[in-house]
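Student: test case, fold it:
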Amino acid sequence: MTDKTLLELLREEMKMGLKGGLYHQTQIKLAYNSNRIEGSRLSEDQTRYIFETSTIHVAPEEVASVDDIVETVNHFVCFDYMLNVAHEELSEAYIKEFHRLLKRTTSDERKEWFRIGEYKARPNVVGDMQTTAPGKVADAMAKLLEAYLHKPNISIEDIVDFHYEFESIHPFQDGNGRVGRILMFKECLRHNIMPFIIDHEQKLFYYRGLKDYRSEKGYLIDTCLSAQDRYKAFAKYFFPELGDSMHL
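Tutor: All right, here's what the predicted structure looks like:
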């Protein structure tokens, strides 16, 4: 029996360098699925190989994108950083640092107009939906954070609400989905809510949930709750007593 929170357990395994534990598996599954949703072609086995050996196996005549590899390594680093600051109140500085860690040394960083760790300079879209204009992003993000941080008791529904609003603003030129999903994981840990990993196979349900959120919140919330159930079962394999005191 343990009185430790999930955040404490993940930090403990991270600092130990424990192989095969919950931290190890979460690193691989979150990086693989979040990057895959955004178009990475690396397999879960390749992602695991990068995490465990700092090398990559590529089959004969297979081509691997350098950016896919770099962004996978960056995701591992960003997750570690997130664990170290997960207890802290969410801020624009942390959000920008997540973006910087995820996108550094990629080909995007070599583009003069692409701002690593800073809000976007050019308009962008999500699917066919317009997002917040570059000149209005800073104000929109400040208002979003102010409203979120003034909520008395954060629930998973509040975290999903924040995710939708964040993705609607789309504050960065690229990498918004990955930043947004790691923010959800962080906020779940901070508020002792079981976190979750959106499976890339649920991508269409996830995108539909974001697209229709204004008119029907249930699609996205149900997708996240289903992912939460999967991660709860996964976490309790390693820590059977975990979850009894967490908000589910």
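Student: and the helices in the chain?
Tutor: Counting by DSSP state H, the chain has helices at residues 6-16, 22-37, 44-53, 66-85, 92-103, 137-149, 156-169, 176-190, 203-211, 218-238.
Student: and the residue nearest the centre of the chain, how far from Ala235?
Tutor: Geometric centre of the chain, nearest residue: Ile182, 2.2 Å, by Cα atoms, centre = their mean. Counting by Cβ to Cβ, to the nearest Å, the gap from Ile182 to Ala235 is 17 Å. Every residue, glycine included, has its C-beta placed from N, CA and C.
Student: also Arg104?
Tutor: Distance from Arg104 to Ala235, by Cβ to Cβ: 30 Å.
Student: repeat that for Gly21.
Tutor: 11 Å.
Student: out of the two, which sits in the busier spot?
Tutor: Neighbour tally, Gly21 and Ala235, criterion other Cβ atoms under 10 Å: the higher count belongs to Ala235, 21 against 17.
Student: tally of neighbours for the closest residue to Lys120 other than its chain neighbours?
Tutor: Nearest non-adjacent residue to Lys120, counting by Cβ to Cβ, 6 or more residues apart in numbering: Gln173, 4.3 Å away. Counted with other Cβ under 10 Å, residues neighbouring Gln173 total 22.
Student: picking up where we left off before, can you add distance to Asp128 and give the helices of the chain back as a markdown table?
Tutor: What follows is the helices of the chain, written out as a markdown table (distance: least, Cβ to Cβ, whole Å):
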| stretch | distance to Asp128 |
| --- | --- |
| helix 6-16 | 38 |
| helix 22-37 | 18 |
| helix 44-53 | 30 |
| helix 66-85 | 25 |
| helix 92-103 | 24 |
| helix 137-149 | 20 |
| helix 156-169 | 13 |
| helix 176-190 | 16 |
| helix 203-211 | 9 |
| helix 218-238 | 17 |
